[in-house]
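**Q** With the input below, show me the fold.
(one chain, ligands or ions: 1)
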Amino acid sequence: MKTFYTKEFQETNNVDDLKNQGVMTTWSYHVTFLVNSACHVWGTQKWDTGDLSKNNWWVALLTFGEGWHNNHHAFEYSARHGLELWQIDLCWYIIRFLEALGLATNVKLPTEAHKLKKSFSSHNKFK
Ligand SMILES: [Zn+2]
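**A** Numbers count the residues shown, from 1 in each chain. Reported below is the predicted structural model:
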């Protein structure tokens, strides 16, 4: 069995690539867990989702937009998590770019009617 620490393994594999893959895998797991833990504790709720999901700006920066978690819980189908112009959402910008190239189609966004339905201030609820 080849192990990472043998000279033979290091000569036949690009160890820097493996280290980078390890760092990226570790990073992606941690930020995923961060979204699903921190964004249910800290932040603000804009939408009435009936749960503890929150929008958290610093998690959103670390996760390329996934930290707008209350938005995500309110509109699970939405390709855009940062629904306000000031809510930085790098994943959304990439999706828009791919859409402009014709590589992404049928991109879904919340409708104004659905936003009204999920709004805390709505007096005309019809859940
Ligand atoms: Zn959640």
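
**Q** Could you tell me which residues within stretch 106-115 count as buried?
**A** 110, 115 (16 or more other Cβ atoms under 10 Å). The C-beta positions use only the backbone N, C-alpha and C, and glycine is treated the same way.

**Q** In the protein, where's the longest helix?
**A** Using DSSP state H, we find that the single longest helix of the chain is helix 15-38.

**Q** And the contacts of it?
**A** Contact partners of helix 15-38, identified using Cβ atoms under 8 Å, 6 or more residues apart in numbering, comprise 4, 56, 59, 62, 63, 66, 67, 69.

**Q** rerun at 10 Å
**A** Residues outside helix 15-38 that contact it (Cβ atoms under 10 Å, 6 or more residues apart in numbering): 4-5, 9-10, 14, 53-54, 56, 58-60, 62-64, 66-69, 72.

**Q** Next secondary structure element downstream of that helix?
**A** Heading C-terminal from helix 15-38, the first helix or strand you meet, by DSSP states H and E, is helix 57-62.

**Q** Buried ones in that next one, by neighbour count?
**A** Quick answer for helix 57-62 (16+ other Cβ under 10 Å): 59, 60, 62.

**Q** Would you mark the buried spots in stretch 42-57?
**A** For stretch 42-57, by 16+ other Cβ under 10 Å, it's 43, 45, 46, 47, 48, 49, 53, 54, 55, 56.

**Q** what pairs with the fourth one across the strands?
**A** To tie it back to what came earlier, the one meant is residue 47. For residue 47, the residues forming beta bridges with it (DSSP bridges) are residue 119.

**Q** Good, we can wrap up now.
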